[in-house]
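**Student:** sequence and predicted structure, then a few things I'm wondering about:
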Amino acid sequence: MHSIDVITFGEAMAMFIADSCGPLHEVQHFTMELAGAETNVAIGLAKLGYKASFVSKVGADAFGKFITENLQKNRVHIEQIMTDAYFPTGFQLKSRVTKGDPEVQYFRKGSAASHLAIADFDEDYFQKAKHLHMTGIPLALSLETRDFAQHALSFFKRERKKVSFDPNLRPNLWNSEKEMVDTINFFAKQANYVLPGLEEGIKLTGYQTPADIGSYYLDAGVELVIIKLGARGAYYKSPTEEGTIYGYPVAKVIDTVGAGDGFAVGVISGFLEGLTVEESVQRGNAIGALAVQSLGDNTGYPDKQELRHFINNQSQRSVRI
C-alpha cells in the first residue's frame, strides 16, 4: 500500500506581495506568502485530499520556518524538507496588479534549495510515492539540483511509475536560451506526461501549432502532451487521442501566477482517480480558472466539494478530433 500519492521537489520561497499597486521600488508595505511552483502543486493536491509530499532544503532562518509551517498547515508532507545550517532560504518580491502578469523579483541565488544533491535522495521515501511531478525550475538552479532531478526521474522510470513534467520556463535563471531549451527537452522527453504552455511549447520545439508541438514530444516517446492555451483552455494529444477542452469563463482575472500549477493539480488528480484524459484536462481548466480569480499563487485552489460545485455550475465546450 502506497503512503504517498504524489511527490515533488524544488525550491520553496517566502514571497512578499505588495499591499498596493505600482512599481516594486515604490511599495512600502508587503504581505508574506509562500511561493514555489512545486509547492503550489503539493498544496493543491493536498486540498483535494491527496497525500502530497514536497522535498527540498531550507535555511536555518525565519523564512525556512515559515515555509515548513505553512506547508504543514496545508497538510503537505514535509518529512524530506532538510534544514541547511549554512545556506539561506530564497525569497521574492511580487507586485500587485489589477490585470495581467505581476512583476516578480527573485533573491534566490546560492539558496539552500539550490544545494539539493543526489546525496539527499532517500530511495525508501521516494519508493512510497505513486507519481512524481517535476518542473523545469530545479534544472536551472544548479548542477546539483539538476543531477538530483535526473536521479529522481530515472528512479521512477525504473520503478515503472508515472512522471509528469511542466517546463515552467524561467529564462532569467539560465545561462542561455539554448542551454534552457536543450536541458528542458532532455528531461521532458523522459517523462510520461508533458504539460507546456503554448508559448513555452513554441520556444522549446520551434513549432507554432499545438498539434505539431504535441507530435514533437510524442515522437520522442512521451505518452501524452497537454498544452495550456490560457483562456482558450487546453489541447491534448496522445498516440490515440487528440482534442481541445475549452476553458471556463472568468469574470475578472486578478492574478495569473499559479494558474499553470493549478492546471497540473487538476490533471494529476484526474489521472489518480482514473478519469479520462478529457475529464482530467477539464478539471485542470477548472482549477486554473479558479486560481486566476484570487491574489496569491495558490489561495484560489479548491477542495473537492468546491471543485465539483464549480464544474457543475459552469458552461464549457469540448472538441474531440
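**Tutor:** That came through, no problem. Numbering: from 1, shown residues only.
**Student:** now the helices for this structure?
**Tutor:** 37-47, 62-73, 123-127, 137-141, 143-158, 177-188, 198-205, 210-218, 259-272, 277-291, 304-312 (DSSP state H).
**Student:** show me where the stretch 101-250 of the chain dips below the pLDDT cut-off.
**Tutor:** Of all residues in the stretch 101-250 of the chain, none has pLDDT under 70.
**Student:** go again using 90 as the cut-off
**Tutor:** Applying pLDDT under 90 to the stretch 101-250 of the chain flags residues 101-106, 172, 230-232, 246-250.
**Student:** for V292, give me the pLDDT.
**Tutor:** Note for V292: predicted pLDDT of 65.
**Student:** now for the helices of the chain, which one comes closest to E241?
**Tutor:** E241 lies closest to helix 277-291 among the helices of the chain, at 5.8 Å (Cβ to Cβ). Every C-beta, even on glycine, is put in place using the N, C-alpha and C of the backbone.
**Student:** helices and strands around that closest one, which ones?
**Tutor:** With contacts taken as 3 or more Cβ pairs under 8 Å, 6 or more residues apart in numbering; DSSP states H and E, helix 277-291 sits against strand 224-228, strand 234-237, strand 242-245, helix 259-272, helix 304-312, strand 318-320.
**Student:** make it 7 Å
**Tutor:** Applying 3 or more Cβ pairs under 7 Å, 6 or more residues apart in numbering; DSSP states H and E, one finds that helix 277-291 contacts strand 234-237, strand 242-245, helix 259-272, helix 304-312.
**Student:** now it: buried residues?
**Tutor:** 277, 279-291 (16 or more other Cβ atoms under 10 Å).
**Student:** quick one: closest of the helices of the chain to L116.
**Tutor:** Per Cβ to Cβ, nearest to L116 of the helices of the chain: helix 143-158, 5.1 Å.
**Student:** now do the closest one against helix 177-188, angle only.
**Tutor:** With axes from the mean of the first three to the mean of the last three Cα atoms, to 10 degrees as the basis, helix 143-158 and helix 177-188 are set at 30 degrees to each other.
**Student:** buried sites along helix 143-158?
**Tutor:** Within helix 143-158, the residues that qualify as buried are 144-149, 151-153, 155-156, counting by 16+ other Cβ under 10 Å.
**Student:** please apply the same query to stretch 179-188.
**Tutor:** So stretch 179-188, judged by 16+ other Cβ under 10 Å, has buried residues 180-181, 183-185, 187-188.
**Student:** just how off-centre is it within its chain?
**Tutor:** Here stretch 179-188 shows a centroid-to-chain-centroid distance of 17 Å under the convention Cα atoms, centre = their mean, to the nearest Å.
**Student:** CA atoms only: put that stretch into PDB for me.
**Tutor:** Extracted C-alpha coordinates of stretch 179-188, given in PDB (Å, rounded to 0.1, in the frame of the first residue of the first chain):
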ATOM      1  CA  GLU A 179      21.000  25.600 -22.600                       C
ATOM      2  CA  MET A 180      17.500  26.100 -21.300                       C
ATOM      3  CA  VAL A 181      15.800  24.500 -24.400                       C
ATOM      4  CA  ASP A 182      18.300  21.600 -24.700                       C
ATOM      5  CA  THR A 183      18.100  20.700 -21.000                       C
ATOM      6  CA  ILE A 184      14.300  21.100 -20.600                       C
ATOM      7  CA  ASN A 185      13.700  19.000 -23.700                       C
ATOM      8  CA  PHE A 186      16.100  16.300 -22.500                       C
ATOM      9  CA  PHE A 187      14.100  15.900 -19.300                       C
ATOM     10  CA  ALA A 188      10.700  16.400 -20.900                       C
END
